[in-house]
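*Asks:* Turn this into a model:
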Amino acid sequence: MELVNLFVKSVFIENMIFAYFLGMCSYLAVSKTVKTAVGLGAAVIFVLAITVPLNYLIDNYLLREGALKWLGPQFAQMDLSFISYILFIAVIASMVQLVEMVVEKFAPALYGALGIFLPLIAVNCAILGGSLFMQQKDFSTISEASVYGLGSGVGWFLAILAIASIREKISYSNIPAPLKGLGITFILTGLMAIAFMSFMGIKL
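*Replies:* Got it, this is the predicted structure:
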């Protein structure tokens, strides 16, 4: 039940887009069609679901003060947390490279549609944010870190899928010229963020 609560909280209450506005660059650029939004959203789910637990293991067994005590008592006081950013980004970049190779191999049309924004997942602040929030929340087990990573990815996926669906529909609407494109998208994102705030009332 605890893991279910954590999953629901990471999807709705602490949504990467609507609560923290992380990953906005690719969210805005790739949400013009549902097809590309689904492709990028699925890639973000995969990367977050893999990198958050991997970075949890790295943080707990390599980086934190005393994490290296399993090597011997002489390493018990060693603290390598100052390189956590570098290692977290290295893990993320590796996973993004794997995703890019798989998408290029099995879905070349989607690879072409996503363009530069697929490799840019590596610098998507939502991905690094997932690992840094994991570190900040100090989860006690890898299961919690895995569920949090998966939930954060699903939340980002729902956000980009929702805005892509709306943008496809409003393309046929009579929108004032100054608001066309990113203008109306920012307004819609703000309204959706306010709507997602209602989930904060859920007692988990």
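*Asks:* Using PDB, write out the CA atom coordinates for the helix or strand of the chain with the lowest mean pLDDT.
*Replies:* The helix or strand of the chain with the poorest confidence is helix 108-114; it has a mean of 83 (mean pLDDT, DSSP states H and E). The C-alpha trace of helix 108-114 is given here as PDB (Å, rounded to 0.1, in the frame of the first residue of the first chain):
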ATOM      1  CA  PRO A 108      12.900   5.100 -37.700                       C
ATOM      2  CA  ALA A 109       9.800   7.200 -38.500                       C
ATOM      3  CA  LEU A 110       9.400   8.200 -34.800                       C
ATOM      4  CA  TYR A 111      13.100   8.700 -34.600                       C
ATOM      5  CA  GLY A 112      12.900  11.200 -37.400                       C
ATOM      6  CA  ALA A 113       9.800  12.900 -36.000                       C
ATOM      7  CA  LEU A 114      11.500  13.400 -32.500                       C
END
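*Asks:* Which residue ranges of this structure form strands?
*Replies:* For the chain, applying DSSP state E gives no strands.
*Asks:* got the buried residues for the least confident helix or strand of the chain?
*Replies:* Of all the residues in helix 108-114, those buried under the rule 16 or more other C-beta atoms under 10 Å are L110, Y111, A113, L114. Where C-beta positions appear, they are placed from N, C-alpha and C, glycine not excepted.
*Asks:* longest helix anywhere in this structure?
*Replies:* Scanning the chain for the helix with the most residues, using DSSP state H, yields helix 142-170.
*Asks:* how far is it from where the chain is centred?
*Replies:* 8 Å (C-alpha atoms, centre = their mean, to the nearest Å).
*Asks:* For it, which helices and strands make contact with it?
*Replies:* Judged by 3 or more C-beta pairs under 8 Å, 6 or more residues apart in numbering; DSSP states H and E, helix 142-170 is in contact with helix 2-8, helix 24-29, helix 34-58, helix 125-137, helix 182-196.
*Asks:* looking at those helices, which is closest to V154?
*Replies:* helix 34-58 (6.0 Å; C-beta to C-beta).
*Asks:* between that closest one and helix 142-170, how many degrees?
*Replies:* Relative orientation of helix 34-58 and helix 142-170, computed by axes from the mean of the first three to the mean of the last three C-alpha atoms, to 10 degrees: 160 degrees.
*Asks:* list the helices and strands helix 34-58 packs on?
*Replies:* Other helices and strands packing on helix 34-58, by 3+ C-beta pairs under 8 Å, 6+ apart, are helix 84-106, helix 108-114, helix 125-137, helix 142-170.
*Asks:* From the chain's centroid, how far away is that helix?
*Replies:* 6 Å.
*Asks:* try stretch 28-39
*Replies:* 15 Å.
*Asks:* Which positions in that stretch come out as buried?
*Replies:* Neighbour-count burial for stretch 28-39 flags L28, A29, V30, S31, K32, V34, T36, A37, G39 (criterion: 16+ other C-beta under 10 Å).
*Asks:* Low-confidence stretches in the chain?
*Replies:* Applying pLDDT under 70 to the chain flags the ranges 203-204.
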